[in-house]
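Enquirer: let's see this in three dimensions:
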Amino acid sequence: MTIAKKVRKYLRNKPYLLEALEKGIVNLSELSRQIQEDLDIKNTSAVKAALRRFAGELQKNKQKREEKVLEILRKSILVVYDGKSVLITSKQIDIEKGMKVDLPDKFVYLLDKKDMPKKVSSLVKHDNCTMIVMHSPKELEAIPGVIAFLTTLLSEQNVNVIEFISCWTETIIVVEKKDSLKTYEALSNVVC
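Expert: Sure thing, here's the model as predicted:
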């Protein structure tokens, strides 16, 4: 295996380094020494050259990918629903309205606060939430990185996402009410 292939294989398992290389914020000389040591490679310049080429490819691909993501998000529409609750149970409950996700050993319900069953044994319950639904064009399905972009965007705003559901052209994000304005502002800056 060539040194370039060894370097790429090494980096593929380190997403934080890939991101730093994509952003151009890593000291290539220091990273070369680190990789050289970890992979027991003698030729420092070959490792650094492989890193430089790979970083260039990553930066070019990231820019293209991000442009596609932003293009699809600009064509999306945001709708905000207040007064939502999230309920996670170990046993199925009978509901008339809302959403239910069946998981192997639990059930997740997204309901209007007023439709929340009064006496139910829950594993987790979140009241007074806001649900933001993003309606996107059907091309969304073919664009990699949209979900990663959205979750990174919200994470950078220190927003804790209670539930995140991606269903074909709908992306449903549930946050605590206290984070709703921050979430809407962050999303509306990319959705036109």
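
Enquirer: neighbours of residue 130, just the number please.
Expert: Look at residue 130: counted by other Cβ atoms under 10 Å, it has 21 neighbours. C-beta here means a position set from N, CA and C on the backbone, and glycine is covered the same way.

Enquirer: contact partners for it?
Expert: 80, 81, 82, 84, 174, 175, 176, 177, 179, 180, 183 (Cβ atoms under 8 Å, 6 or more residues apart in numbering).

Enquirer: out of the residues you listed, which are inside strands?
Expert: 80, 81, 82, 84, 174, 175, 176 (DSSP state E).

Enquirer: in PyMOL, how would I select the buried members of the residues you listed?
Expert: Per 16 or more other Cβ atoms under 10 Å, the buried members of the ones in strands among the contacts of residue 130 correspond to this PyMOL selection:
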select buried, resi 84+174+175+176
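
Enquirer: export the ones in strands among the contacts of residue 130 to a markdown table and append columns for pLDDT and distance to residue 39.
Expert: Below are these laid out as a markdown table (pLDDT from 0 to 100; distance: Cβ to Cβ, whole Å):
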| residue | pLDDT | distance to residue 39 |
| --- | --- | --- |
| 80 | 96 | 50 |
| 81 | 95 | 51 |
| 82 | 94 | 53 |
| 84 | 93 | 50 |
| 174 | 97 | 43 |
| 175 | 97 | 42 |
| 176 | 96 | 45 |
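
Enquirer: ok, the contacts of residue 130 vs residue 58, which is closest?
Expert: residue 183 (29.0 Å; Cβ to Cβ).

Enquirer: how much space between the closest one and residue 46?
Expert: Distance, residue 183 to residue 46, by Cβ to Cβ, to the nearest Å: 46 Å.

Enquirer: between the two, which one's more packed in?
Expert: Between residue 183 and residue 46, counted using other Cβ under 10 Å, residue 183 has the larger neighbour count: 23 against 17.

Enquirer: wait, isn't that one in contact with residue 177?
Expert: No. Between residue 183 and residue 177 there is no contact under Cβ atoms under 8 Å: 10.2 Å.

Enquirer: which ones are touching the residue lying farthest from the centre of the chain?
Expert: Distance from the centre of the chain peaks at residue 42, with 38.0 Å (Cα atoms, centre = their mean). By Cβ under 8 Å, 6+ apart, the residues touching residue 42 are residue 36.
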